[in-house]
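Trainee: build me a model from this:
(2 chains)
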Amino acid sequence: MALRMWASSTANALKLSSASRANPSPPFSLSRCFSTVLDGLKYAPSHEWVKHEGSVATIGITDHAQGHLGEVVFADLPEPGGSVSQGSSFGAVESVKATSDVNSPISGEVVEVNTNLTKKPGLINSSPYEEGWMIKVKPSTPSELESLLGPKEYTKFCEEEDAAH
Amino acid sequence: MTIASKAREAGAPLMKLVRFRGVPILQQLYLEERLLRTSSDNWCLINDGTDSPAIVMGLSGKLPELVELGSVLRDRIPIIRRFTGGGTVIVDYGTIFVTLICNKDAVPDVQPFPRSIMSWSGLLYGEVFEGIGDFRLRENDYVFGDHKFGGNAQSITKLRWLHHTSFLWDFDVKNMSYLKLPVKAPKYRSERGHTDFICRMKELLPRAEFIERTIKAIGNHFSVKSVSLESVDFPSDSEFVHTTRLHAEHEIHGSLQNLLPRKSVTKVGNQDTASSLLFNC
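Mentor: A predicted model of the protein is given here:
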């Protein structure tokens, strides 16, 4: 399935094409010009994404989150075989002297963990939706996905959150 | 006892202030982590000096890269791994600790992300040090000019955040020798050694004045209520697993052993060379 790229407020305001990024920012840019939201994923208000494919769901943090966190220098992830609960922390990332919880958008059993992040935590910044994935989960309650935000809703949520601060 | 503040009149959120002195840093960190994870109140903790020297590393710190392991083992300096990010410090009675634990909605202009929190805390401490020295937040450090005097770090959960700082009111130069120069350092450090890079707050203001100024600045943003350490309690169902921990001596030995070349283990009298290195570092 082709992925469509949605851009948040700045791009929309400037009527830029949603399939391209004008003046793409480096991952740690302080300008925060806009973040990428992908179609086909579901999103949590705590800025994690989940991609449900068959019996497995892949989870990571969004481009919006990685941009606000800064350079990620460490990822603390669970072991396979453990369980995660919707809305609860399953690990943390460290950036700019801070540890930030990463929360699971859904409940289930951890079946795989991205071990590449041990040596390359920066993948979370450079490729938050692909190489920077964190865990794969076997969902225990697939209906939880319906309570999450779609791409448009998440984009609007991020715009409102940034505008409020 | 409630401290009068203009913030209270403006309906500012409540912040509970706990002041203590000489509490071991490990105990303080346990308390902080538990308050962050299990309380729904805003807190300010001030520990006016810890009881004995300790090394405190951030969550991801690597022992051999940051600490002179042989010296630490010889002098039995505890090494603590804390739950927040950031670098390595050595703390003692000359260190004053200030910790802020806030619900994310308690400070409306702050997003629960590191730079947003630190931008706010930089402004707060700007109020504390108004008229004193050339204070600023510089590459995430609290400095007077280009000399660091406070190490800070944070932990952020879904609904709350914690920002804690160890302020160098005074320090023992000898203790700095337990720390290696970090691999990653801010640009303004310009490869300076510890004693050229840091400075003592006591050269600028008295200890008690710093604490009072801090409480006053917090009172500009929160309605501050003093509570005793003994009165701090937790809900009975507030169990959780600490991330903060004390490194066991065998772990530190193991890290040191891993640094030694394999062929260095030869017999000298009745002792292994590796062992004599450990005793003689």
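
Trainee: please name the nearest non-neighbouring residue to B:T84.
Mentor: B:A153 (3.8 Å; C-beta to C-beta, 6 or more residues apart in numbering or on different chains). From N, CA and C alone the C-beta is placed, and that goes for glycine too.

Trainee: ok so that neighbour is a strand residue?
Mentor: Yes. Under DSSP: H, G, I helix; E, B strand; the rest coil, B:A153 falls within a strand.

Trainee: quick check: bridge partners of it?
Mentor: B:H164 (DSSP bridges).

Trainee: number of residues surrounding it?
Mentor: Residues near B:A153, counting by other C-beta atoms under 10 Å in any protein chain shown, number 27.

Trainee: how close does A:V56 get to A:T118?
Mentor: According to C-beta to C-beta, to the nearest Å, A:V56 and A:T118 sit 21 Å apart.

Trainee: the two: which has the busier surroundings?
Mentor: A:V56 (14 against 11).

Trainee: that one touches A:P142, doesn't it?
Mentor: No. In this structure, A:V56 is not within contact of A:P142 by C-beta atoms under 8 Å, at 11.4 Å.

Trainee: and the most centrally placed residue in chain B, how far from B:D41?
Mentor: Nearest to the mean C-alpha position of chain B, counting by C-alpha atoms, centre = their mean, stands B:S166 at 4.2 Å. B:S166 is 23 Å from B:D41, where distance means C-beta to C-beta.

Trainee: swap in A:H165?
Mentor: Remark: distance between A:H165 and B:D41 (C-beta to C-beta) = 23 Å.

Trainee: these two: who's more crowded?
Mentor: Higher neighbour count among A:H165 and B:D41: B:D41, with 17 against 12, using other C-beta under 10 Å.

Trainee: go ahead and confirm the more buried one touches B:V18.
Mentor: No. B:D41 is beyond contact range of B:V18, at 10.8 Å (criterion: C-beta under 8 Å).

Trainee: what is the least confident helix or strand in chain A?
Mentor: Using mean pLDDT, DSSP states H and E, helix A:9-13 stands out as the lowest-scoring helix or strand of chain A, at a mean of 40.

Trainee: partner strands of the next helix or strand after that one, with direction?
Mentor: Going down the chain from helix A:9-13, the next helix or strand is strand A:36-38, by DSSP states H and E. Strand A:36-38 has the following strand partners under DSSP bridges: strand A:5-7 (antiparallel).

Trainee: state the number of residues packed around the residue lying closest to A:E109 once chain neighbours are set aside.
Mentor: Setting aside the residues directly before and after it, A:E109 is nearest to A:K138 in space (C-beta to C-beta, 6+ apart), at 4.7 Å. The number of residues packed near A:K138 is 14, by other C-beta under 10 Å.

Trainee: ok, now which ones touch the residue nearest to B:T84?
Mentor: By C-beta atoms under 8 Å, 6 or more residues apart in numbering or on different chains, the contact set of B:A153 is A:97-98, B:58, B:82, B:84-87, B:163-164.

Trainee: same deal with A:V56?
Mentor: A:111-112, A:136-138.

Trainee: got a ChimeraX select line for the buried ones in the residues you listed?
Mentor: With 16 or more other C-beta atoms under 10 Å in any protein chain shown as the criterion, this ChimeraX line picks the buried residues out of the contacts of A:V56:
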select /A:136,137
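
Trainee: so which of the contacts of A:V56 is the closest to chain B?
Mentor: Nearest to chain B among the contacts of A:V56: A:V137, at 18.0 Å, using C-beta to the nearest C-beta.

Trainee: wait, is the closest one part of a helix?
Mentor: No. Counting by three-state DSSP, A:V137 is located in no helix; its state is strand.

Trainee: so who does it touch?
Mentor: Counting by C-beta under 8 Å, 6+ apart, A:V137 touches A:56-59, A:84, A:104, A:106, A:108-111.

Trainee: which of those fall in strands?
Mentor: A:56-59, A:84, A:108-111 (DSSP state E).

Trainee: hang on, isn't B:K16 packed against B:L45?
Mentor: No. Using C-beta under 8 Å, B:K16 is not in contact with B:L45; the gap is 9.1 Å.

Trainee: gap between A:S143 and chain B?
Mentor: 22 Å (C-beta to the nearest C-beta, to the nearest Å).
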